[in-house]
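Visitor: Sequence first, then the predicted structure, then my questions.
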Amino acid sequence: MRTARLALGAAGLALLAVGVRYLFTDTPAGAPREVAVWLAGVVLAHDLVLAPLVLLVGLAVRHVPARRAIRGGLLVAGCLTLIALPPLLRPGAPRNATALPLDYGRNLALLLATTALVTAAVAAVSASRRGRRRPVRSEEE
C-alpha cells in the first residue's frame, strides 16, 4: 500500500511539474498571473464559503434520521453549483461562441433536481431499512 501511495504521489508531482512548465512556456504573458488569482479565489471560496456551509448544514441536520443522505446530496449540490458558477456569472458573451455553447443555468437546474431525487430515494431506502429492523427481544420479557 505504501509503495502505491509513493508511486501515485510521484506521478502527481511529475504531472504538476509538466503543467507548471506549460503554464510558463506555452501561454500568453499574463496567464500565470491570471491562474494564480483564480487559484487564490478557489481556495478562498472553499475555505470561506463551501467548508463553513458544509459544517453548518451538517450541524443543522444532525438529528434528522436520513442525515447521511441529506448531507451527501447537499455536498454534491454545492459542488455542482460551484463548478457551474464561473460560466453563469461571466459577464457578456463568450469570446469564442463554441467555448461555452450550453445553457448552463438550465443544466445546473436539471442536475440539482436529479441530485434531489436521488437523495430523496436514498433517504427513503434508508428509512425503509431502518423501519424493517426490529429490536431483538430477550426471552425474559
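Guide: Okay, I see it. It should be emphasised that the depicted structure is a prediction, and the values quoted were computed from it without experimental measurement.
Visitor: So what touches the helix or strand where Leu6 lies?
Guide: Using DSSP states H and E, Leu6 falls within helix 2-25. Residues external to helix 2-25 that are found in contact with it (CB atoms under 8 Å, 6 or more residues apart in numbering): 31-32, 35. The way it works is simple: take the backbone N, C-alpha and C, and place the C-beta from them, glycine included.
Visitor: Which one of those is nearest to Thr98?
Guide: For Thr98, the nearest member of the contacts of helix 2-25 is Ala31. The distance, counting by CB to CB, is 20.4 Å.
Visitor: Let me know how buried the closest one is, in neighbour terms.
Guide: Neighbourhood size, Ala31 [other CB atoms under 10 Å]: 13.
Visitor: Near Leu74, how many other residues are there?
Guide: Counted with other CB under 10 Å, the burial measure for Leu74 works out to 19 neighbours.
Visitor: State the helix or strand in which the spatially closest residue to it that is not a sequence neighbour lies.
Guide: Residue nearest to Leu74 in three dimensions, not counting chain neighbours: Val57, with 5.3 Å by CB to CB, 6 or more residues apart in numbering. Assignment of secondary structure by DSSP H and E places Val57 within helix 51-60.
Visitor: Can you name every helix or strand that the top helix by length along the chain contacts?
Guide: Of all the segments assigned as helix in the chain under DSSP state H, the longest by residue count is helix 104-132. Using 3 or more CB pairs under 8 Å, 6 or more residues apart in numbering; DSSP states H and E as the contact definition, the elements that helix 104-132 packs against are helix 67-89.
Visitor: coming back round to it: which parts of the longest helix of the chain are buried?
Guide: In terms of neighbour count (16 or more other CB atoms under 10 Å), helix 104-132 has its buried residues at 104, 108, 111-112, 115, 119, 122-123.
Visitor: can I get those in TSV with distance to Leu74 and pLDDT?
Guide: Below are those laid out as TSV (distance: CB to CB, whole Å; pLDDT from 0 to 100):
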residue	distance to Leu74	pLDDT
Tyr104	20	84
Leu108	15	94
Leu111	14	96
Leu112	11	96
Thr115	9	97
Thr119	8	95
Val122	12	94
Ala123	12	92
